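# next comes the sequence, and after it the predicted model I'd like to discuss.
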Amino acid sequence: MSGSRAVSVILVAGLLGGCVYYNGMYNTKRLAGSARKAERDGRTFEANNLWGQVVTRAESLVARHPDSKYVDEALVLKGVALSRLKQCRSAVTPLARVQLLPADAEVTEEGALALGRCRLELGEPEAADAMLARVAESEDPVRRGEARLLRARTMRMTSRHEEAVALLEGMPGRRAMNERLLALAGARRSDAALALADTMLATSDTTARWDTVAVAIGREDPATASALVDRLAKRPGTAPDTRARLLLDDALRIAALDTARAEARLREAGSIEEAGPTAEQAKLRLTRIRLSRVTETSDLPPLAKELAAQAAAKTAISTEAAQLRECVARILAAGDSASAGAAQADLRLFLAAESARDSLAAPKLAASLFRRLVESAPESPYVPKAILAGAALDSVWGASTVPLLQLQYANSPYVVFLQGAESYGYQELEDSLRSFAVGAAAAGRAGVRRPPVRRDSVRTRPGAGPQPRRGLVP
């Protein structure tokens, strides 16, 4: 082959290769365009199918022609397609190639917008903001609006609420108004937020998910969310269950800020007829609040009856009510056992105190039961443990009682363990208490009495605290 002919062959091959690259890229772009149109027309299934073809074509082009000048653009299109298919974790790597494309390339803005959206979805607001800022001044109004909306969200997530408010100023549309409402709440601009909410409510948009908006605002500013709930609960046409849910959620949000208002919300939610399970949940929450304020076992019987009625109603909260009723019953039984001087009354009292503290969230009741154990059974090996637990709940009582640990219970395994020394008998005592608790719970469920625990394995010496022997039997 002559030299001139060889050169011609090479040139032709190069031109054909270039055509192949171009045709592959052209077809990939064409498919992407068809996918976008299907999305705009609401043909979601068809759009997803086309985006899947874009991924396949782009991968094929890159695999066959890795040195092509179209590789970066093909990878970005692949990332766009994956993002449209809600596969952001797979999309971010190919989308990152957008930074290698010229600013005026056809897919640069679309790729940057997709990468920003995916970074935001993956919980990386700072990285998302850097991409979205590149599109926020786009000449394309659709991309510009979407970029600003998403960027405002990144600003909220990074506590730049005032910047988000400014960025959204004048933007039309329900999504922009929702985002601005959240930004105003985050900036603690309650009056402006509620004024905007009133404007939005006046449109009577039946598609608006105000319950979701209230929850989102509550994360930013519970007080503003509570004021919004006032408006929503009075809105004509609000379904009873929706109204009750708004009130219940608001009560849980503001409980730490305004206890009285939270309880009023619960009472209102519980009184709504036809509210179904939500009303029952509100009633049980009120019962829990009353349980948490109990100070003595004598306050429990009325609440036990209330819980029994809720458990018998066979509603969504029946199981929880039954569990609370069983816990209250064990506490009452422990008190009766102590009054009667029954065997193992100290173990029952200690476990009842823990139940009051942990299951009923009633610290005053728990403290009174720990005190009762210390006062009624001073020879019990569990008195030092009760003193430590009770002192954490009642500092005044603890200040006068903790010195007993050294004066009367210096040799207790619990005191020795607390001092960091090797504590003979500590684990045996803990195992015994744990076994008794398991057995008592099983007996309670079966409705039978638990056989007494052998206590001859623990001997005490007055004034010196408990001295456990080896082989403590539960």
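Structure received. Numbering: from 1, shown residues only.
# count of residues packed around residue 49?
Residues lying near residue 49 (other C-beta atoms under 10 Å) number 14. Where you see a C-beta, it was placed from the backbone N, CA and C, and this is true even at glycine.
# make that residue 422, sorry
Applying other C-beta under 10 Å, I find that residue 422 has 8 neighbouring residues.
# surely it is in a helix?
No: read with DSSP: H, G, I helix; E, B strand; the rest coil, residue 422 is coil and lies in no helix.
# roughly how far does it sit from residue 416?
Going from residue 422 to residue 416 by C-beta to C-beta, to the nearest Å gives 8 Å.
# repeat for residue 141
Distance, residue 141 to residue 416, using C-beta to C-beta: 76 Å.
# which stretches in the stretch 151-300 of the chain count as helices?
Taking DSSP state H, counting those that start in this stretch to define them, one finds helices in the stretch 151-300 of the chain at 161-168, 174-186, 190-202, 210-220, 222-233, 240-254, 259-270, 277-292, 300-312.
# need these in JSON lines (columns: distance to residue 430).
What follows is the helices of the stretch 151-300 of the chain, written out as JSON lines (distance: least, C-beta to C-beta, whole Å):
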{"stretch": "helix 161-168", "distance to residue 430": "50"}
{"stretch": "helix 174-186", "distance to residue 430": "48"}
{"stretch": "helix 190-202", "distance to residue 430": "52"}
{"stretch": "helix 210-220", "distance to residue 430": "41"}
{"stretch": "helix 222-233", "distance to residue 430": "41"}
{"stretch": "helix 240-254", "distance to residue 430": "36"}
{"stretch": "helix 259-270", "distance to residue 430": "37"}
{"stretch": "helix 277-292", "distance to residue 430": "28"}
{"stretch": "helix 300-312", "distance to residue 430": "28"}
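# worst average pLDDT in those helices?
Mean pLDDT per stretch puts helix 210-220 lowest among those, at a mean of 83.
# kindly export that helix (C-alpha atoms) in PDB.
Output of helix 210-220 as PDB, limited to C-alpha atoms (Å, rounded to 0.1, in the frame of the first residue of the first chain):
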ATOM      1  CA  TRP A 210     -51.100  21.100  56.100                       C
ATOM      2  CA  ASP A 211     -50.600  18.400  58.600                       C
ATOM      3  CA  THR A 212     -47.200  17.700  57.000                       C
ATOM      4  CA  VAL A 213     -46.400  21.500  56.900                       C
ATOM      5  CA  ALA A 214     -47.300  21.800  60.600                       C
ATOM      6  CA  VAL A 215     -44.900  18.900  61.500                       C
ATOM      7  CA  ALA A 216     -42.100  20.500  59.500                       C
ATOM      8  CA  ILE A 217     -42.600  23.900  61.100                       C
ATOM      9  CA  GLY A 218     -42.700  22.300  64.500                       C
ATOM     10  CA  ARG A 219     -39.200  21.100  64.000                       C
ATOM     11  CA  GLU A 220     -38.100  24.700  63.400                       C
END
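# which helices and strands sit right next to it?
The contact analysis (3 or more C-beta pairs under 8 Å, 6 or more residues apart in numbering; DSSP states H and E) places helix 210-220 against helix 174-186, helix 222-233, helix 240-254.
# residue 109: which of the ones you listed is closest?
Ranking these by distance to residue 109, with C-beta to C-beta as the measure, places helix 174-186 first at 19.5 Å.
# hmm, back to that, looking at residue 141 and residue 416, which is more packed in?
Neighbour count, other C-beta under 10 Å: between residue 141 and residue 416, residue 416 has more, with 19 against 8.
# with adjacent residues omitted, what lies nearest to that one?
Closest residue in space to residue 416, ignoring its immediate chain neighbours: residue 423 at 4.2 Å, by C-beta to C-beta, 6 or more residues apart in numbering.
# any idea how far residue 351 is from that neighbour?
Counting by C-beta to C-beta - residue 423 and residue 351 are separated by 21 Å.
# of these two, who's got more company?
Neighbour count, other C-beta under 10 Å: between residue 423 and residue 351, residue 351 has more, with 22 against 17.
# give me the element the more buried one is part of.
Assessed by DSSP states H and E, residue 351 sits inside helix 345-358.
# try residue 78
Assigned by DSSP H and E, residue 78 belongs to helix 71-84.
# please write out the alpha-carbon positions of that helix in CSV.
Extracted in CSV, the C-alpha atoms of helix 71-84 (Å, rounded to 0.1, in the frame of the first residue of the first chain):
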residue,chain,number,x,y,z
VAL,A,71,-17.2,10.6,27.6
ASP,A,72,-17.7,13.3,30.2
GLU,A,73,-21.0,14.4,28.7
ALA,A,74,-22.2,10.8,28.3
LEU,A,75,-21.4,10.1,32.0
VAL,A,76,-23.3,13.2,33.1
LEU,A,77,-26.3,12.2,31.1
LYS,A,78,-26.1,8.7,32.7
GLY,A,79,-26.1,10.5,36.1
VAL,A,80,-29.1,12.6,35.2
ALA,A,81,-31.0,9.5,34.1
LEU,A,82,-30.1,7.7,37.4
SER,A,83,-31.2,10.7,39.4
ARG,A,84,-34.5,10.7,37.5
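# quick one: mean pLDDT over it.
Helix 71-84 comes out at a mean pLDDT of 92.
# packing partners for it?
So helix 71-84, by 3+ C-beta pairs under 8 Å, 6+ apart, packs with helix 3-40, helix 44-64, helix 88-95, helix 108-121.
# give the buried residues for the shortest one.
Neighbour counts using 16 or more other C-beta atoms under 10 Å place 88, 91, 92, 94, 95 of helix 88-95 among the buried residues.
# so which elements touch it?
helix 71-84, helix 108-121.
# would you mind listing the buried residues in the last one?
Right, helix 108-121. 108-121.
# quick one: those residues as CSV, columns for pLDDT too.
Formatted as CSV, those follow (pLDDT from 0 to 100):
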residue, pLDDT
108, 91
109, 91
110, 92
111, 93
112, 94
113, 95
114, 95
115, 95
116, 95
117, 95
118, 95
119, 95
120, 94
121, 93
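# taking the buried residues of helix 88-95, tell me the two that lie furthest apart.
Across the buried residues of helix 88-95 (C-beta to C-beta), the longest gap, 11.4 Å, separates 88 and 94.
# who touches both of the two?
Counting by C-beta atoms under 8 Å, 6 or more residues apart in numbering, the shared contacts of residue 88 and residue 94 are residue 82.
# before we move on, the earlier item: quick one: the helices and strands packed on helix 88-95 as TSV, columns for distance to residue 431 too.
Formatted as TSV, those follow (distance: least, C-beta to C-beta, whole Å):
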stretch	distance to residue 431
helix 71-84	55
helix 108-121	49
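# who touches the residue nearest to residue 180 when sequence neighbours are not counted in this structure?
The shortest distance from residue 180 to any non-neighbouring residue, by C-beta to C-beta, 6+ apart, is to residue 168 (4.3 Å). The neighbours of residue 168, taking C-beta under 8 Å, 6+ apart as the test, are 148, 149, 152, 176, 179, 180, 183.
# and the last one, how many residues sit next to it?
By the measure other C-beta under 10 Å, the count of residues near residue 183 is 27.
# contacting residues around the residue nearest to it when sequence neighbours are not counted?
In this structure, residue 183 finds its nearest non-sequential neighbour in residue 164, 3.9 Å apart by C-beta to C-beta, 6+ apart. Residues in contact with residue 164 (C-beta under 8 Å, 6+ apart) are 152, 153, 155, 156, 179, 180, 183, 186.
# go again using 6 Å as the cut-off
Contact analysis of residue 164 by C-beta atoms under 6 Å, 6 or more residues apart in numbering lists 152, 155, 156, 183.
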